[in-house]
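**Q** Sequence and computational prediction follow.
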Amino acid sequence: MASLRIARLLEDRDYDLKLTLVAGERGLQKVITSPRIQKPGLALTGFTEHLHPQRVQVFGNTEISFLRTLPEPRQREVLSTLFAGDLACVVVTKNLELPTALVDECEHAGLSLMKTPLLSSTFIQQVQAFLEEALTETSSLHGVLMDVFGVGILLLGKSGIGKSEIALDLVMRGHRLVADDIVDVTRRKNAVHGAGNPVIKHHMEIRGLGIINIKDLFGVAAVRETKAIEMVIELHDWDPHQEYDRLGVEDQMFNIVGVDIPLSVVPVRPGRNMTTIIEVAARNHLLKLQGHHSAREFAERLNRAIAEGAMRRTLGEEVE
């Protein structure tokens, strides 16, 4: 399960959370595992059954106003009970004035207390977006990612097998490069998205030519920043002693950051037009998405013809 330290909230520059630490520095090493936040208004009244651990607790005007209706000893008692749960941290919005009891109890519980000038609704929206991105599972793969007829195809294979040359040929035919050599992958719900590493984005290494910039050579339409990976094609050196799938009835899968993606293993040898094979693979994938599985339909017709032939032979023998 992905997680991040509370301290990362203070380091944010992209989502403009505007957080400052008030107390509970020890709590900065705690972790958050859920992108969801919680407003503990009901829990402050003593009903803590639905208080979720490891979530950011947002104190807005309602929570702070309720605390101020209580005498300070009761405030400390309520907060002590609330903070006994394994909470992630506390954030007070609108730069509201902090009750002394809240600061003291956060410090005592080792719970980070932060404040922001943002409204509660704005802060909740922005911190959830920050957490969803930060808690997303990511990884990097060695391969090439192409957009072929709108299908994100990840080419895998050992170094030197010709992935980049195939990708260059696909670009020449009007398809789009997403990443070459290193593909950064991110899981978003049940899909995996790939993108080029920022350092080598839009570049490609062609042996004998060196590094080329696809965007400069072919224009902005020849590249794209990110693409969902819908197929994996693994390139192998042709081995005459190995059995390759000749029907395609059974679907193979390749797991990337916990998501299974259709896999095809394609042997490479001189004379095979790999670019055409990959284009056909993309078309066939689109056909499957529309409910047509050519290999299975062929196998079903073949089995039916065999069964009908056997039946006719049986009936013929009975007539004779």
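**A** Received the coordinates, thanks.

**Q** in the stretch 51-200 of the chain, which spans are strands?
**A** Counting by DSSP state E, counting those that start in this stretch, the stretch 51-200 of the chain has these strands, from start to end: 56-59, 89-92, 113-115, 138-148, 151-157, 176-188, 191-196.

**Q** The last one pairs with which strands?
**A** So the one you mean is strand 191-196. strand 176-188 (antiparallel), strand 226-228 (antiparallel) (DSSP bridges).

**Q** Show the pLDDT at residue 256.
**A** pLDDT, residue 256: 92.

**Q** whoops, I mixed them up, residue 17
**A** pLDDT for residue 17: 94.

**Q** Tell me the spacing between it and residue 52.
**A** As judged by Cβ to Cβ, to the nearest Å, residue 17 and residue 52 stand 20 Å apart. Where you see a C-beta, it was placed from the backbone N, CA and C, and this is true even at glycine.

**Q** if you count what's nearby, which of these two comes out ahead?
**A** More neighbours surround residue 17 than the other of residue 17 and residue 52, with 21 against 16 (other Cβ atoms under 10 Å).

**Q** wait, the more buried one sits on residue 116?
**A** Yes - using Cβ atoms under 8 Å, residue 17 is in contact with residue 116, at 6.2 Å.

**Q** shared neighbours of those two, anything?
**A** Common neighbours of residue 17 and residue 116, using Cβ atoms under 8 Å, 6 or more residues apart in numbering, are residue 123.

**Q** Residue 216: what's it in contact with?
**A** Taking Cβ under 8 Å, 6+ apart, we find residue 216 in contact with residue 202.

**Q** circling back: identify whichever of the strands of the stretch 51-200 of the chain lies nearest to residue 272.
**A** strand 151-157 (13.5 Å; Cβ to Cβ).

**Q** Describe which strands the closest one pairs with in its sheet and in which direction.
**A** strand 138-148 (antiparallel), strand 231-237 (parallel).

**Q** need these in JSON lines with distance to residue 106, can you?
**A** Below are those laid out as JSON lines (distance: least, Cβ to Cβ, whole Å):
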{"stretch": "strand 138-148", "distance to residue 106": "32"}
{"stretch": "strand 231-237", "distance to residue 106": "48"}
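
**Q** So which of these is nearest residue 263?
**A** Between those, strand 231-237 lies closest to residue 263; by Cβ to Cβ that is 4.7 Å.

**Q** centroid residue for the chain?
**A** The geometric centre of the chain, computed from its C-alpha atoms, lies nearest to residue 187 (Cα atoms, centre = their mean), at 1.2 Å.

**Q** What residues of the helix or strand bottoming out on mean pLDDT in the chain count as buried?
**A** Lowest on mean pLDDT, DSSP states H and E among the helices and strands of the chain sits helix 294-319, with a mean of 79. Residues of helix 294-319 classed as buried: residue 295 (neighbour count, 16 or more other Cβ atoms under 10 Å).

**Q** For the stretch 151-300 of the chain, give me the ranges with low pLDDT.
**A** Where the stretch 151-300 of the chain drops to pLDDT under 70, the residues are 189.

**Q** how far away is residue 90 from residue 22?
**A** Taking Cβ to Cβ, one finds residue 90 at 9 Å from residue 22.

**Q** One more: residue 84?
**A** Distance from residue 84 to residue 22, by Cβ to Cβ: 20 Å.

**Q** And residue 224, by the same measure?
**A** Distance from residue 224 to residue 22, by Cβ to Cβ: 44 Å.

**Q** can you give me the helices for this protein?
**A** 7-11, 41-44, 61-68, 72-82, 100-109, 120-134, 163-172, 214-218, 274-289, 294-319 (DSSP state H).

**Q** Would you tell me which one of those helices is buried the most?
**A** Most buried of those, by mean neighbour count (mean count of other Cβ atoms under 10 Å): helix 163-172, with a mean of 20.
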